[in-house]
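Peer 1: Quick one: sequence plus predicted model below, questions after.
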Amino acid sequence: MQYILAIDSGNSFVKWGFFNHYRCLKQGKVPYDKVQNLKNDFKELQVPDSIIISHVARTVTKNLICEKISIWPVIPQWIRSCASQCGVSNSYSDTAQLGSDRWASLIAAWEMQQQACLVINVGTAVTIDALSETGVFLGGVILPGFQLMLNSLQKSTQLFNADMSIYEDFPVSTNSAIQSGIIHSVIGAIERMYNLLSIQINHSVETIIMSGGGASLLLPFIKIPTKVIDNLVLKGLVLIAEDSF
């Protein structure tokens, strides 16, 4: 029986899951500035057979994670994207430059779909990545997430204290124009990537895979068939770990 501790260390949160093969036994998340709290979570777990980590953010966060997992005599695997893994091929010009979180998400999505799809993570940044019908990562785009877009507007304009709860197709107030503009921009990018991938494969993409904390905000506005998967990165990490045994 193999026990896997998977850790997704992102820009805003550190998420983790304790798995027995593909079954999640326990999971949690902490803001990046509260990583010390992982000590209490981890001490309740039994010794994992494998620790696998995707880290894309701060060095100080990585150091704290190293400290928290040092309670076990297990050498962690800090993943990096590579040319090919778990049925997915990487078309990035520098394969190692692709974020480990995006790579793990692509692997999880391919395992679920086994066909062409868009893989979208809606977090601090929004990533929209394209998988071919044969599991080739064709490429993808990165754009600011909701809060980054709002912060940019507030920093560079006089648009302060915006109410981000108002959406309209045709906004007639400044608050609505901001909220609606942010949603329009992300949905527009998704629809464009969907159309480009559909042209690439000569038929409509059947579905898109979406994950991340902002997915629920976008879902009401997406007309394309969509599967929302919680903790897609963790699922990909487990697949990579299982492939390594």
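Peer 2: Structure received. Numbers count the residues shown, from 1 in each chain.

Peer 1: isn't N90 right up against A96?
Peer 2: No - between N90 and A96 there is no contact under C-beta atoms under 8 Å: 9.1 Å. In short, each C-beta sits where N, CA and C put it, glycine included.

Peer 1: and for those two, which residues touch both?
Peer 2: By C-beta atoms under 8 Å, 6 or more residues apart in numbering, N90 and A96 have these common neighbours: S81, C82.

Peer 1: the more surrounded of those two?
Peer 2: Shown here are N90 and A96; by other C-beta atoms under 10 Å, N90 has more neighbours (20 against 12).

Peer 1: what's the pLDDT at that one?
Peer 2: The per-residue pLDDT reported for N90 equals 97.

Peer 1: ok, so what distance separates V74 from Q85?
Peer 2: Look at V74 and Q85: by C-beta to C-beta, to the nearest Å, they are 21 Å apart.

Peer 1: Compare the two and say which one has the larger neighbour count.
Peer 2: Comparing V74 with Q85 by other C-beta under 10 Å, the one with more neighbours is Q85, at 20 against 15.

Peer 1: Just list whatever residues bridge to the more buried one.
Peer 2: Following DSSP bridges, Q85 is listed with bridge partners V88.

Peer 1: so what's it up against?
Peer 2: When contacts are counted by C-beta under 8 Å, 6+ apart, Q85 is found next to W103, I107, I240, D243.

Peer 1: just checking, which of the residues you listed belong to helices?
Peer 2: W103, I107, I240, D243 (DSSP state H).

Peer 1: Work out which residue lies at the spatial centre of the protein.
Peer 2: N121 (4.1 Å; C-alpha atoms, centre = their mean).

Peer 1: For the strand or helix carrying that one, give the mean pLDDT please.
Peer 2: N121 belongs to strand 117-122 when assigned by DSSP states H and E. Averaged over strand 117-122, pLDDT sits at 98.

Peer 1: Which strands or helices does it pack on?
Peer 2: Strand 117-122 sits against helix 100-113, strand 125-131, helix 174-201, strand 208-211, helix 215-218, helix 232-244, with contacts defined as 3 or more C-beta pairs under 8 Å, 6 or more residues apart in numbering; DSSP states H and E.

Peer 1: Thanks a lot, catch you later.
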